[in-house]
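Chemist: Build the 3D model from these lines:
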Amino acid sequence: MAIIPAHLMRSVGGGYDNESVAVSCLCLTFLLWTYSLSGTKPKSMTAWGIFAGLAYICMAATWGGFIFVLNMIGLHAFVLFLLGRYTNKLYSAYTLWYVIGTIGAIQVPVIGYGPIKSLEQLAPGVSVDTALNSSFVLTMFGYHKKLRKVTWTQRLVVYLTIFGLAGAAAAAGIAYLWPRGYFGPLSSRIRGLFVEHTRTGNPLVDSVAEHQPANSEAFYQFLNVTCYTAPVGLAVAVLVGVFKPFFKPDTVTGRASQDPLVFLVVYALVTYGFSTKMNRLMLMMGPVAAVLTGLAFGVVLDFVVGEVNDLLDMFFGLFLSDAKKVKTTPVKEKVEDEQEVVESEAVNDASSSVKKRKKAKKDPFTPSTPTGKSDSKDAQKSSKSVEGDESQGVVGAIEGICMKIWTFFLVRLLRKAAAVGCVFLLYEHHHHAIDFYNTASEMSVGLSHPSIMFQATLRDGTQVMVDDYREAYWWLRDKTPADSRVLAWWDYGYQITGIGNRTSIADGNTWNHEHIALIGRCLTSPEKRAHAMIKHLADYVLIWAGGGGDDLAKSPHMARIGNSVFDDICPDDPTCQNFGFYQGGKPTPMMANSLLFKLHRNRVNPQVNVDPKRFKEVFMSEYGKVRIYEVVGVSKKSKQWAANATNKVCDAPGSWYCEGQYPPALAPVLKKRKSFAQLEDFNLKKDAAAKKYHEEYMKKMGSK
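Modeler: Model prediction:
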């Protein structure tokens, strides 16, 4: 897992996104969760459940992807319940993880009470808790044991009654809270997993390239040979983890729980489905693809080692010591031991049931009626007991027949031939493992390099290292006052803060849609109007230029995002089609008049110049990739007002999380904005303009 490219792309040093830390927290949470289900000692299970909750808190504090972890564990628990695998161990582990993790997540300011209000976070809390708590009630009063001795119809009636009452209580709570606006809507990022890219209704989410669907080339690029080996491991997990316990439960075999294998099945299927919808989630596939590949090779290795050991017994009569024999018992002996356990337990159950019936007959305190109802009940119990013994006997008989076939001399020889074939195939295709290692090593070099530096070839063929971005950020660090504020598109916010050590007006934390929209309005407005706003917000404006994915290429998204809140940017045009270029590269009038176009083409095009009385160019990188302009005439009054701690809104006194407020001078501009929540939140009624905007946006984006 450490070298698979899907995992490397978000776990290397030098990354400036929260995923670089969050992926490790994600893997740790899943590991501890599976540990909490695989053990047999109650104390250790309790400890692992607590540790899983603590790891989940770390995940929630680092990345919004904690919602994926929440729903994955909840879905796994629910699938186990549907498979009839409910145990007190599952109930304890899930309850500890959910309660501790939720309490901790609520303490993260940007999350708040989302875990108990947001629909995508409430699903595990409502559905899974209802199922597990209902099962716990049945277990607590001993109904589970009693239900094994009744017909399926009677069992179904009991289950429907218990779960129906629990469901009715949950439905009553939802019916009471829904009209009061308690529940939050599904976020646009979650909706993006179930709808076509660019059709989420949120231009900010639609603008992210990583939200596009992944194709087959992307899967092979980031998963490589595990694209072929992981499905084999998935098949093993399905057979052993899902189907085998139906015929031989863990309580019979005495082995460790197979519940963690079910988690691998659920994890693999969900991440594969979501990756086909959103390329960014390919990073989630890395851990499970690596584990399933290891599972596949582990099964092959066990088979080969077992057959080699059996071959030694057949031809050389070599017997291992008792200690080693326990670890490497041939397949035949393993299954025979298991069969003996099943048969002995079946005999013990039958004898114990007979003893109970005899004891019941001899017990003078056993109530009886003249009609002989107690005798009939005893007869029913004994018949059910015998039926259970007979069902176990059928399984044992089938298993015995299979074992006779498996241990038949000719079949044993065929097994040895198959083992030789496995070794031959592994040797014949070992170059794929070498190729995978080499490919991962090559990709790791590129992924580990700072993303702000790259090698390029000039027109004369000269190889150069383009270091424009680091150069620009260091210029900010070394040449600007420490209290300088930099306005740039949100993509570069983390880099400005982390490398330039200057305050960025916006960054990759895009929780505040309206704030990103204000940045879009500033950059897409005419120069004079833009300066009137920016002088109250920032001291410098930084843009990416030089072609490729620069700010000019992103400008249509800036206009759409800005227009989603300030509808006067592109009146009656939700997708801002008038903000762009004609065929041949000529800008539209709206584009030509925008501040962004003038900052980008200043002095590059002789006909385009920025007013030096408003924006003064103070830095241009060596290859023109970054340009920085000083804002002339910055409002000192607004800057002092914004810096005043009393004007910051903190979630608690002395907290590190404080939402800044806009200076009063921007009030006329802010009056024109419309909260984007009105378009996404079903608790808010859409007015006619908002409804029309949404319909037009979806219609035009759907025609692209």
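
Chemist: Tell me the spatial nearest neighbour of Leu542, not counting adjacent residues.
Modeler: Closest residue in space to Leu542, ignoring its immediate chain neighbours: Ala488 at 4.2 Å, by C-beta to C-beta, 6 or more residues apart in numbering. Where you see a C-beta, it was placed from the backbone N, CA and C, and this is true even at glycine.

Chemist: Kindly report the same for Arg614.
Modeler: Per C-beta to C-beta, 6+ apart, closest to Arg614 is His531, 4.3 Å.

Chemist: where's the one you found relative to Met443, distance?
Modeler: According to C-beta to C-beta, to the nearest Å, His531 and Met443 sit 45 Å apart.

Chemist: Name the residues of stretch 634-653 that are buried.
Modeler: Along stretch 634-653, these residues count as buried under the neighbour rule (16 or more other C-beta atoms under 10 Å): Val634, Ser635, Ser638, Lys639, Trp641, Ala642.

Chemist: my bad, should have said stretch 603-612
Modeler: Result for stretch 603-612 [16+ other C-beta under 10 Å]: buried residues Val610.

Chemist: before we move on, what about stretch 77-97?
Modeler: For stretch 77-97, using 16+ other C-beta under 10 Å, the buried residues are 77-81, 85-87, 89-97.

Chemist: returning to what we had before: format the buried residues of stretch 634-653 as CSV; extra columns: distance to Arg459.
Modeler: Output for the buried residues of stretch 634-653, formatted as CSV (distance: C-beta to C-beta, whole Å):
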residue, distance to Arg459
Val634, 40
Ser635, 44
Ser638, 46
Lys639, 44
Trp641, 50
Ala642, 46
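
Chemist: where in the stretch 101-250 of the chain is pLDDT low?
Modeler: 125-127, 129-152, 154-156, 158-159, 162, 184-201, 209-211, 249-250 (pLDDT under 70).

Chemist: Try it again at 90.
Modeler: 107-225, 241-250 (pLDDT under 90).

Chemist: again with the stretch 301-450 of the chain
Modeler: 306-417, 419-420, 422, 425-450.

Chemist: rerun that using 50 as the cut-off
Modeler: 318-388, 390 (pLDDT under 50).

Chemist: More neighbours: which of His531 and Met443?
Modeler: His531 (21 against 18; other C-beta atoms under 10 Å).

Chemist: How about the helix or strand hosting the more buried one, which residues are buried there?
Modeler: Assigned by DSSP states H and E, His531 belongs to helix 527-534. Residues of helix 527-534 classed as buried by neighbour count (16+ other C-beta under 10 Å): Glu527, Ala530, His531, Ala532, Met533, Ile534.

Chemist: ok, those residues vs His7, which is closest?
Modeler: Ile534 (40.8 Å; C-beta to C-beta).

Chemist: ok, that closest one - contacts?
Modeler: Leu487, Cys522, Val541, Val631 (C-beta atoms under 8 Å, 6 or more residues apart in numbering).

Chemist: Over to Ile50?
Modeler: Leu96, Ile100 are the contacts of Ile50 under C-beta under 8 Å, 6+ apart.

Chemist: Got phi/psi on it?
Modeler: phi -70, psi -40 (degrees, to the nearest 10).

Chemist: show me where the stretch 451-600 of the chain has strands.
Modeler: Counting by DSSP state E, counting those that start in this stretch, the segments of the stretch 451-600 of the chain that form strands are 454-457, 463-466, 485-487, 503-504, 540-544.
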